[in-house]
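In: got a sequence here, can you model it:
(one chain, ligands or ions: 1)
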Amino acid sequence: MAGRRWSESELLVALNIYFELEFGQFHQYQPRIIEIAKLLDRTASSLAMKLCNFASLDPAMNGKGLSGASKADREIMRSFIDDTENTIARAQIALEDLMAHHDSDVTVNQDRVRRDQFSEGAMSFSGQVPRMTESVAMRKTRIGQPFFRTAVLAGYRHRCGVCALNIPELLVASHIIPWSQVPHLRLRPDNGISLCSIHDKAFDLGFWSLDHQLRIVLSRRLVQLGGEAEALFFGKFEGKGLILPDRFVPKIEFIEWHRSNVFLDGKL
Ligand SMILES: [Zn+2]
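Out: Numbering: from 1, shown residues only. Reported below is the predicted structural model:
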């Protein structure tokens with residue numbers, strides 16, 4: 001098995017797992033790595049090594065990880081950087097196809113789970129489980145949102161970027177620029193912040209934003225309320241830095257857009 005070349009679809013599956021896991025989980029005893037390696041008919045250590053290679057190539061990781069990357073690894077990471085949306089969609093489809101190939105029951109269950117995860121998006125999939133005849137375009141639309149949530153939350157190690165709450169069920173991958181405004185930013189993880197439900201809702205409504213150094217700024221309205229509960233949920237974080245993710249630090253131009261267009265004081 002050692003030395004067998006990685007096909008493009010295998011690399012795409014590995015890339016998908018790379019974004020799903022937190023940095024620090026890229027080792028051969030990680031259950032998800034063991035599961036996927038088995039489906040790929042590869043050892044867990046070879047898949048773990050592949051994820052470390054991706055980390056060494058990922059500009060968002062600032063040179064963390066070992067550097068044993070192959071040319072093919074570089075090309076896949078380059079295509080993610082240059083054409084994020086398309087590469088993510090291909091990576092998701094490659095993973096779906098791998099699962100479908102091995103166990104159709106698993107695929108159906110996965111689709112059910114995925115549909116449940118769509119609650120934060122505008123789409124709903126209350127109909128039938130998607131069938132094999134579904135077009136690639138439809139699949140691309142359907143599968144994007146779980147990737148965005150998974151990648152953003154893993155980047156922040158499943159913590160709220162404001163209060164550090166570490167309960168995944170209460171976390172949202174919050175869009176900085178709402179994707180209804182700029183659809184091509186829909187899947188870009190650097191247009192997202194992992195936030196608990198209260199900080200997500202308040203961010204969406206413009207009660208708070210971030211300055212150019214990613215420090216928390218509160219709207220006048222929130223400051224004027226000034227009660228004990230408001231101080232507990234918001235006041236105590238004023239001026240503090242966003243808890244930075246391992247990867248996908250929010251892009252400053254997206255933050256500036258939020259401050260000018262969503263932040264209550266920015267719109268005055
Ligand atoms: Zn929070």
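
In: I'd assumed residue 166 was in a strand, is it?
Out: No. Using DSSP: H, G, I helix; E, B strand; the rest coil, the secondary structure at residue 166 is coil, not a strand.

In: list the contacts of it.
Out: Neighbouring residues of residue 166 by Cβ atoms under 8 Å, 6 or more residues apart in numbering: 158, 159, 160. Any C-beta I mention is one placed from the backbone N, CA and C, and that applies to glycine too.

In: which of these are buried?
Out: Buried members of the contacts of residue 166, scored by 16 or more other Cβ atoms under 10 Å, are 159, 160.

In: make CSV out of the contacts of residue 166 and add distance to residue 81 and secondary structure.
Out: CSV is the format used below for the contacts of residue 166 (distance: Cβ to Cβ, whole Å; DSSP: H, G, I helix; E, B strand; the rest coil):
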residue, distance to residue 81, secondary structure
158, 24, coil
159, 25, coil
160, 27, coil
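
In: with respect to the ion, which of the contacts of residue 166 is nearest?
Out: The ion lies nearest to residue 160 out of the contacts of residue 166, by Cβ to the ion, at 3.2 Å.

In: which regions of the stretch 151-268 of the chain sit below the pLDDT cut-off?
Out: Within the stretch 151-268 of the chain, the stretches with pLDDT under 70 are 267-268.

In: tell me where it has strands.
Out: Remark: strands assigned in the stretch 151-268 of the chain by DSSP state E, counting those that start in this stretch are 171-175, 192-196, 208-210, 216-218.

In: the last one pairs with which strands, and in what direction?
Out: By that I understand strand 216-218. Strand 216-218 pairs in its sheet with strand 208-210 (antiparallel), by DSSP bridges.

In: how about the second one?
Out: The strands that strand 192-196 pairs with in its sheet are strand 171-175 (antiparallel) (by DSSP bridges).

In: list the buried residues for the partner strand?
Out: Buried residues in strand 171-175, defined by neighbour count with 16+ other Cβ under 10 Å: 171, 172, 173, 174, 175.

In: what does that strand contact?
Out: Residues outside strand 171-175 that contact it (Cβ under 8 Å, 6+ apart): 120, 148-149, 151-153, 158-160, 165, 185-186, 191-197, 199-200, 203-204.

In: tell me the domain ranges of this structure?
Out: 8-149, 156-261 (automatic domain parsing).

In: near the ion, list only the ones from the contacts of strand 171-175.
Out: The subset of the contacts of strand 171-175 within reach of the ion, by Cβ under 5 Å from the ion, is 160, 165, 196, 199.

In: what's near enough to touch the first one?
Out: Think residue 160. 166, 171, 194, 195, 196, 199, 243.

In: how close does the residue nearest the centre of the chain sit to residue 46?
Out: Nearest to the mean C-alpha position of the chain, by Cα atoms, centre = their mean, lies residue 151 at 2.1 Å. Distance, residue 151 to residue 46, using Cβ to Cβ, to the nearest Å: 23 Å.

In: wait, residue 187 touches residue 147, no?
Out: Yes. Between residue 187 and residue 147 there is a contact at 6.4 Å, judged by Cβ atoms under 8 Å.
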